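Enquirer: make a model of this:
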Amino acid sequence: MTTPPKGEIIPARYSEHHRTGSPRQQLTALSEQVAEKELELAELRTSLSHFQRRYYQKIGRRYVELDTLRARLAQRRAELAPEDEHSVRDAWYRHYRAKQSAHEFQEHQEQQPPVAAESERPPADDGAKRLYRAIAVQIHPDRAEGEAARRYRTALMAELNAAWEKGDLARMQAILEEWRSSPEAVAGRDQAAERQRLQRAIDRLEKRLAALTGEISRISSSELGRLMLKVREASARGRDLLADLAAELDLKIELTRQELEDLNVR
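Expert: Prediction:
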């Protein structure tokens, strides 16, 4: 797995604005950028979740079968040559790897509830994306003015992300209406408090923007993230990379099974 980038990452576009804009302008610009990044991360996580399910359904079970056959083959070789230390060690290693593959596959199956295939899930349209951004700009926890307000905003943001992943526009709209009628949405107080509140909100949004950028980079550069990108690029060229990998594994499974059958007749 690839290690995520270290340190805070502040996009150049905001850095330039930070040097020239007023605190209110900075807050507005940052809120828009954070909302955009929140949406990008939500879409990335949803896509990766669907891709992971496809991967385990099409590829994962084949690796389990192949590792199991290889373990049985190594065990048979060790039985035929018990004095060969290499064969004995290989049998132990293959058995261990087969158990790990089966455990990983089973763990994933138990953790994932039944869902529709990615192709059956309608893509989000521009209206849904605009609605998400509009809500996220207003309710984001990093704009909270107190701990109670932060908890409230955090709960709303979690509900927004859940509604987004389900494609539930009615719930997203209800969240927006709930926010508009909440006490947290009411502004006020003296100018000094307002300036301090603005600056603290800016500081929190800067940190959140850096965290979102880092998380997007981490997911995109992970093994599964890179594979998803390769599959998408191949699909754009008319090639089904997962189908090719499945066919390759099927061939290895058949060859290993045949080799095991040949050893068993000895």
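Enquirer: quick one, what contacts the residue nearest to the spatial centre of the chain?
Expert: For the chain, R45 is the residue whose C-alpha lies nearest the centre (CA atoms, centre = their mean; 3.2 Å). Neighbouring residues of R45 by CB atoms under 8 Å, 6 or more residues apart in numbering: 165, 219. (Each C-beta comes from the backbone N, C-alpha and C, glycine too.)
Enquirer: host element of it?
Expert: According to DSSP states H and E, R45 maps onto helix 23-55.
Enquirer: buried set for that helix?
Expert: For helix 23-55, a neighbour-count test (16 or more other CB atoms under 10 Å) marks 26-27, 29-31, 33-39, 41-44, 46, 48, 50-55 as buried.
Enquirer: so where's the chain uncertain?
Expert: Within the chain, the stretches with pLDDT under 70 are 1-20, 109-124, 186-190, 193-194, 197, 265-266.
Enquirer: apply 50 and report the result again.
Expert: For the chain, residues meeting the criterion pLDDT under 50 lie at 1-19, 114-120.
Enquirer: can you show me the helices along it?
Expert: In the chain, the helices defined using DSSP state H lie at 12-20, 23-55, 61-80, 85-111, 126-139, 147-166, 169-180, 191-221, 223-236, 241-264.
Enquirer: name the helices or strands packed onto the last one?
Expert: For helix 241-264, the contact count by 3 or more CB pairs under 8 Å, 6 or more residues apart in numbering; DSSP states H and E identifies helix 61-80, helix 223-236 as packing neighbours.
Enquirer: in JSON lines, list these along with mean neighbour count and distance to F105.
Expert: Below are these laid out as JSON lines (neighbours: other CB atoms under 10 Å; distance: least, CB to CB, whole Å):
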{"stretch": "helix 61-80", "mean neighbour count": "19", "distance to F105": "5"}
{"stretch": "helix 223-236", "mean neighbour count": "14", "distance to F105": "14"}
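Enquirer: can you add distance to S217 and give the ones you listed back as a markdown table?
Expert: Formatted as a markdown table, those follow (distance: least, CB to CB, whole Å):
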| stretch | distance to S217 |
| --- | --- |
| helix 61-80 | 28 |
| helix 223-236 | 9 |
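Enquirer: any idea how far D142 is from the residue lying closest to A136 once chain neighbours are set aside?
Expert: Using CB to CB, 6 or more residues apart in numbering and skipping the chain neighbours, the partner closest in space to A136 is A35 (3.9 Å). The gap separating A35 from D142 is 11 Å, by CB to CB, to the nearest Å.
Enquirer: contacts only, for the spatially closest residue to Y93 that is not a sequence neighbour.
Expert: Leaving aside its sequence neighbours, Y93 sits nearest to A74 (CB to CB, 6+ apart; 7.6 Å). A74 sits next to 87, 90-91, 93-95 when contact means CB under 8 Å, 6+ apart.
Enquirer: which ChimeraX command selects the buried ones in those?
Expert: Per 16+ other CB under 10 Å, the buried members of these correspond to this ChimeraX selection:
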select :87,90,91,94,95
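Enquirer: export the contacts of A74 to JSON lines and tack on distance to E79?
Expert: As requested, those are arranged in JSON lines below (distance: CB to CB, whole Å):
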{"residue": "S87", "distance to E79": "9"}
{"residue": "D90", "distance to E79": "12"}
{"residue": "A91", "distance to E79": "8"}
{"residue": "Y93", "distance to E79": "16"}
{"residue": "R94", "distance to E79": "13"}
{"residue": "H95", "distance to E79": "13"}
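Enquirer: list just the nearest of the contacts of A74 to R70.
Expert: Nearest to R70 among those is R94, at 5.1 Å by CB to CB.
Enquirer: what's the distance between that closest one and Q75?
Expert: 7 Å.
Enquirer: pretty sure S182 contacts R153?
Expert: No - applying CB atoms under 8 Å as the test, S182 and R153 come out as separate, 9.4 Å apart.
Enquirer: with neighbour numbers in mind, choose between these two.
Expert: Set S182 next to R153 and count neighbours by other CB atoms under 10 Å: R153 wins out with 21 against 14.
Enquirer: what is the burial count for the closest residue to that one other than its chain neighbours?
Expert: Residue nearest to R153 in three dimensions, not counting chain neighbours: P141, with 4.2 Å by CB to CB, 6+ apart. Neighbourhood size, P141 [other CB under 10 Å]: 17.
Enquirer: perfect, I'm done here.
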